Structures are given as C-alpha cells and as structure tokens.
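[1] Sequence below, structure please.
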Amino acid sequence: MSSPRIRARLRHLVAAIVAAAGCAVPSPEQAGPAVERISAGIAFYEARASNDPVDRTARRQLVGRYGERFALAADFGDIARAEALAREVIVTSLDRSRDWSRLSSVLLMQHRFAEALAAADSARRHDPADRDAIGSYFDAALAIGHYPDAYSALQPLPPHAVSTLARRVGWYLAVGNATAAAGTQRAICTTLEQSAAGAVSRAWCLTEVGRLADEPTEASAAFEAALRIQPGYRGAIEGLASLALAAGRWEHATRLYRSILSAAHPDLYRRLAAAERGLGNHDRAEKLEAEFRRVVAGDAQEALQGPEIIRASLAKGAAGREAALTVALREVERRPTLESWTLLVEVHRALGDESAAQQAEQELHAIRATISQARPGAPAR
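    The predicted structure follows:
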C-alpha cells in the first residue's frame, strides 16, 4: 500500500464514520444546496442559542453543523466557531464525556493532534465506557501515531458496528496491512447493503473499496458502481481521475479533475497541473501550481496539507528542498507517525544527508517495534 493511498484513507476516516452512520456527504451537484441547507440550520440554531444562553442542545447542534460546512467549504471561520461553541458547552455540561468527544473531533479536523488526543482522554476519564469517548480516543491516537493506545482503544468497541469496522480499516492501513483493510472495507459494504443503507453511504463504501484495490480494473469498476448508485459522487470521480492520470489519459483526467476542483481540496490543483502538463499546457500547469501554493499558504493550511506541501517543495528540485525539510520536521513534531517519519527520510535523502536519513529510519524501526508489541504479527509499512 503506497503512502499517498494510506494518507488519503486516513484523511477520510472521520468522514467515513459519519457516512457509515447514515449521514449524507454531498456530491458536487449537491454541494451548493447542501451548504445552503446547513447554513439554514445554523441560522435556526444560532437564533435559539442567542435567545437562551444556557441552551446546550442548540450549541451542540451548531458544533456539528459548523463542522459539516467546514468539510464542504473549508472556511476556517466555521471550524473556529465550532471549537468555541464546543468549549463553551463543556463548562456547563451534564454529559462531559460526549462533549469532550465532540471537541476532540473538531480539533482533529484542524489536525491539532495533540490537543485532540488530550480532549479525547478527558472524554474517557469522564466516562470510560462511553463508545463515543473510546472512538474519539482511537481516532486521535491513531492520527498522532500512538499505535499501542489506538489498538487498545479499538478492542472494547462493538466489533460488527460499521463505525468500528471503518476504524479497523484505518488501523490496518496505518500499520500496512492492505489485505485486511480491503477485506474489512468489503465487509462494510456487505453490511450496508443488508441494512438497506442510503445511496450516499453505499457510494462512499464502494469508493473506498476502489481506493484500496490493487488493480486499476478493479478500482475502476468500484468507482463506476459508486457513481451508478450516487451520480456525481465526488470521491468516485476523484478516483477515476487518478486512474486516468496514472494511465496517461490526460484529457480524461483533466475533465474529471476540473469537475471537482475546489479550494477545500488544494491537492487537486497539483494533480490537475500534472494532467495539463501531460497535454503540453505548461502555462496552465504553472498557474495551477501557483494556485496550490496560494491556497496552502499559512500555518493552518500547513497543518492540514503538510505532506502535499512537502512533495510540492521536493518537486521544485534543489530550490525547494530546504523548505521541504522545514515542513517535514514540523510534520514529525505534529504527528510522529510512520508516514511522517518516512517523508522525513525522503527529504533528508533528497538533500543528500544520509546520516540524518538513517537516524530517521531508526525512528521508523522503533515505531514498527511498538506496533508489533501492540498486536503481534501486525505488519508495519
């Protein structure tokens, strides 16, 4: 399993759990109306909250809705408001475990991994048996690279729940067990079919099967099936675009990427640039690369797009290697995962610093050892 595919799957883990629970993740055609629907809900609950300063229910609803709108529109004002409300509710909460879990999820969306883990730990301390608290702790521990803690948190969760299975996929990918990840994802799809889940949930599941497929034909079939169930489903379109890009079908890749291009997903600017470059449109490619750099500028975007920024810097050759090292070191500090250390090894080698690369590889070996101790026999990529 390649690092970009693992990274993509981990990036979608929270959305996966939401989709598995039956919440809709809009397609491109639905995104505008969906934002309007969410905004209407926000206006309603904001009015309730302003009229009643102790209405915790309204504030909890707002946390979720601001999080939804942030996922669609990538407006950092929304996620800042969600965080402020989540913290406000905790002060007077009678259910602090759930509210700390809610705050942890908001922090995780911002890639504030250490804070998310601390909030999830508070949730568990208030109610060690609460499934939301246990699940949020798993999500944060896995994201920050605390593999033994994540594995321990996974054990008490109901084994056949779709949210648990989705988390198991995240675990398997994090430790490099692609076969188990793919098998578990297919099991999720079977469960969703048998439970008569909605079209979006089933499209999400098939899209993830496509992401995990080893063969392009298998991946393409899964993406196409997802689009038959939910026409316009964004993840499936992105999957087909990536297949087209890898196969050198530049025009097809360009058309698909342009249909889903969004500042909320700046990595797509770089992929579209690669397709335009394949067509010989170098000026367009340079503009797209410049747009990527503009969108990801700033500390908040670095936290969200660190690996993409590192790879973009490395692609610039000698001129970008020092910048790549700076971001890679911060990425390791933010989340000392297998992926972060692997990227740091790559950057050190690009700079010709073999001694530093070997030191980073020693960290990788140590992490793999902790994974093996957490679950004997678990492979670590």
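[2] Helices of the stretch 101-250 of the chain, start to end?
    Applying DSSP state H, counting those that start in this stretch to the stretch 101-250 of the chain gives helices spanning 113-126, 131-144, 147-154, 162-174, 178-194, 199-212, 216-229, 234-246, 250-260.
[3] Flag every buried residue along the third one.
    Under the neighbour-count criterion of 16 or more other CB atoms under 10 Å, helix 147-154 has Tyr147, Asp149, Ala150, Tyr151, Ser152, Ala153, Leu154 buried. Bear in mind the C-beta positions are built from the backbone N, C-alpha and C, glycine included.
[4] Test my guess that the fourth one contacts Trp171.
    It refers to Tyr151. Yes: Tyr151 lies in contact with Trp171 (CB atoms under 8 Å); the separation is 6.7 Å.
[5] quick revisit: would you tell me which of the helices of the stretch 101-250 of the chain gets closest to Ile367?
    Proximity to Ile367 (CB to CB) singles out helix 147-154 among the helices of the stretch 101-250 of the chain, at 7.1 Å.
[6] Next, format the helices of the stretch 101-250 of the chain as TSV and append distance to Glu361 and mean pLDDT.
    TSV is the format used below for the helices of the stretch 101-250 of the chain (distance: least, CB to CB, whole Å; pLDDT from 0 to 100):
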stretch	distance to Glu361	mean pLDDT
helix 113-126	22	96
helix 131-144	20	95
helix 147-154	17	94
helix 162-174	18	92
helix 178-194	22	93
helix 199-212	27	92
helix 216-229	31	96
helix 234-246	28	95
helix 250-260	34	95
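[7] Count the neighbours of Ala319 for me.
    Look at Ala319: counted by other CB atoms under 10 Å, it has 8 neighbours.
[8] pull the CA atoms of the helix or strand encompassing it into CSV?
    For Ala319, the host element (DSSP states H and E) is helix 318-334. Included here for helix 318-334 are C-alpha records, laid out as CSV according to Å, rounded to 0.1, in the frame of the first residue of the first chain:
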residue,chain,number,x,y,z
ALA,A,318,17.1,22.0,-5.2
ALA,A,319,15.2,25.3,-4.7
GLY,A,320,12.5,23.6,-2.7
ARG,A,321,14.4,21.0,-0.6
GLU,A,322,15.2,23.2,2.4
ALA,A,323,11.6,24.4,2.6
ALA,A,324,10.5,20.7,2.4
LEU,A,325,12.8,19.9,5.3
THR,A,326,11.4,22.7,7.4
VAL,A,327,7.8,21.5,6.9
ALA,A,328,8.8,17.8,7.3
LEU,A,329,10.4,18.5,10.7
ARG,A,330,7.2,20.3,11.8
GLU,A,331,5.1,17.4,10.5
VAL,A,332,7.0,14.9,12.6
GLU,A,333,6.6,17.2,15.6
ARG,A,334,2.8,17.5,14.9
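[9] next one: that helix to chain centre, how far?
    21 Å (CA atoms, centre = their mean, to the nearest Å).
[10] Give me the contacts around that helix.
    111, 113-114, 302-303, 306-307, 309-314, 340-341, 343-344, 347-348, 350-351 (CB atoms under 8 Å, 6 or more residues apart in numbering).
[11] now do stretch 268-281
    Contacts of stretch 268-281 (CB under 8 Å, 6+ apart): 238, 241-242, 244-245, 248, 250-251, 253-254, 257-258, 260-262, 282, 284-286, 288-289, 291-292, 295, 308, 312.
[12] Report the buried members of these.
    Using 16+ other CB under 10 Å as the burial test, those include 238, 241-242, 244-245, 250, 253-254, 257, 260-261, 284-285, 288-289, 291-292, 295, 308, 312 as buried.
[13] how about the CA coordinates for stretch 337-351, as PDB?
    Extracted as PDB, the C-alpha positions of stretch 337-351 are listed here (Å, rounded to 0.1, in the frame of the first residue of the first chain):
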ATOM      1  CA  THR A 337       3.600   8.600  12.600                       C
ATOM      2  CA  LEU A 338       5.100   6.100  10.200                       C
ATOM      3  CA  GLU A 339       4.200   8.300   7.300                       C
ATOM      4  CA  SER A 340       5.700  11.500   8.800                       C
ATOM      5  CA  TRP A 341       9.000   9.800   9.500                       C
ATOM      6  CA  THR A 342       9.000   8.200   6.100                       C
ATOM      7  CA  LEU A 343       8.600  11.600   4.500                       C
ATOM      8  CA  LEU A 344      11.400  13.000   6.600                       C
ATOM      9  CA  VAL A 345      13.700  10.200   5.400                       C
ATOM     10  CA  GLU A 346      12.800  11.000   1.800                       C
ATOM     11  CA  VAL A 347      13.600  14.700   2.400                       C
ATOM     12  CA  HIS A 348      16.900  14.000   4.000                       C
ATOM     13  CA  ARG A 349      17.900  11.800   1.100                       C
ATOM     14  CA  ALA A 350      16.900  14.400  -1.400                       C
ATOM     15  CA  LEU A 351      19.200  16.800   0.500                       C
END
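[14] where's the residue with the largest distance to the centre of the chain relative to Ile90, distance?
    Distance from the centre of the chain peaks at Asn51, with 35.7 Å (CA atoms, centre = their mean). Taking CB to CB, to the nearest Å as the measure, Asn51 falls 21 Å from Ile90.
[15] gap between the residue farthest from the centre of the chain and Arg98?
    24 Å.
[16] Kindly state the pLDDT recorded for the residue farthest from the centre of the chain?
    Looking at Asn51, its pLDDT is 91.
[17] can you list the domains in this protein?
    Using automatic domain parsing, the domain parsing of the chain gives 248-295, 299-381.
[18] Next, the buried residues of the helix or strand just after the helix holding Ala319.
    Using DSSP H and E, the helix or strand that follows helix 318-334 in sequence is helix 338-350. Residues of helix 338-350 classed as buried by neighbour count (16+ other CB under 10 Å): Leu338, Glu339, Ser340, Trp341, Thr342, Leu343, Leu344, Val345, Glu346, Val347, His348, Ala350.
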